[in-house]
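> Fold the following and give me the result.
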Amino acid sequence: MRIAVTTTGPSLDDQVEARFGRAPYYLFVDTETMEVEAVQNPNVAAGGGAGIQSAQMISDHGVQQVLTGNCGPNAFQVFSAAGIQVKVGVSGIARQAVEQFKAGAFTATNQPNVADHHGMGGVGQGRGMGMGRNRRS
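Next comes the predicted model:
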């Protein structure tokens, strides 16, 4: 089976990343052979839509399941439409997470486990009124 794991780096010895859409790397793992393809996430610094774009990229890689810490509603919707199961609450070293997955330790979720824009890290959206509205006294 081919799965994807969100990680902080390009190897199975790196940590599982808690954020799905803004994970630095995605590891595509063949659970039979443990062959790994590491892909750097091009959506890490996206202004918006990182979850959707990342979920579509993962879907295009032919995975059947995703292991991650958290998954928001937009990414979850893409995975649901593609028939990909999502396992959330995954943490620790990626290699151990894959072994736990193979042993049946994780249950697929039937809904996102975080609200929209969870991984934004408090970055402003530029929608404030501000004081510089070209006022003249």
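
> pLDDT score assigned to the residue nearest to the spatial centre of the chain?
Nearest to the geometric centre of the chain sits Phe20, at 1.7 Å (C-alpha atoms, centre = their mean). For Phe20, the pLDDT comes out at 95.

> Gly121 now?
Reading off the model, Gly121 has pLDDT 47.

> For burial, what's the neighbour tally of Met57?
16 (other C-beta atoms under 10 Å). For glycine as for every other residue, the C-beta is placed from the backbone atoms N, C-alpha and C.

> what's near enough to touch it?
Applying C-beta atoms under 8 Å, 6 or more residues apart in numbering to Met57 gives the contacts 26, 39, 42-43.

> Next up, the contacts around the residue nearest to the centre of the chain.
Contacts of Phe20 (C-beta under 8 Å, 6+ apart): 6, 51, 54-55, 66, 68-72, 75, 119.

> which stretches of this protein aren't confidently modelled?
The chain contains residues with pLDDT under 70 at 116-137.

> Mind jotting down where the strands sit in it?
In the chain, the strands defined using DSSP state E lie at 2-7, 25-30, 36-40, 65-67, 85-87.

> Could you export those as a markdown table, including mean neighbour count and distance to Ala115?
As requested, the strands of the chain are exported to a markdown table (neighbours: other C-beta atoms under 10 Å; distance: least, C-beta to C-beta, whole Å):
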| stretch | mean neighbour count | distance to Ala115 |
| --- | --- | --- |
| strand 2-7 | 25 | 18 |
| strand 25-30 | 21 | 22 |
| strand 36-40 | 14 | 26 |
| strand 65-67 | 24 | 19 |
| strand 85-87 | 21 | 16 |
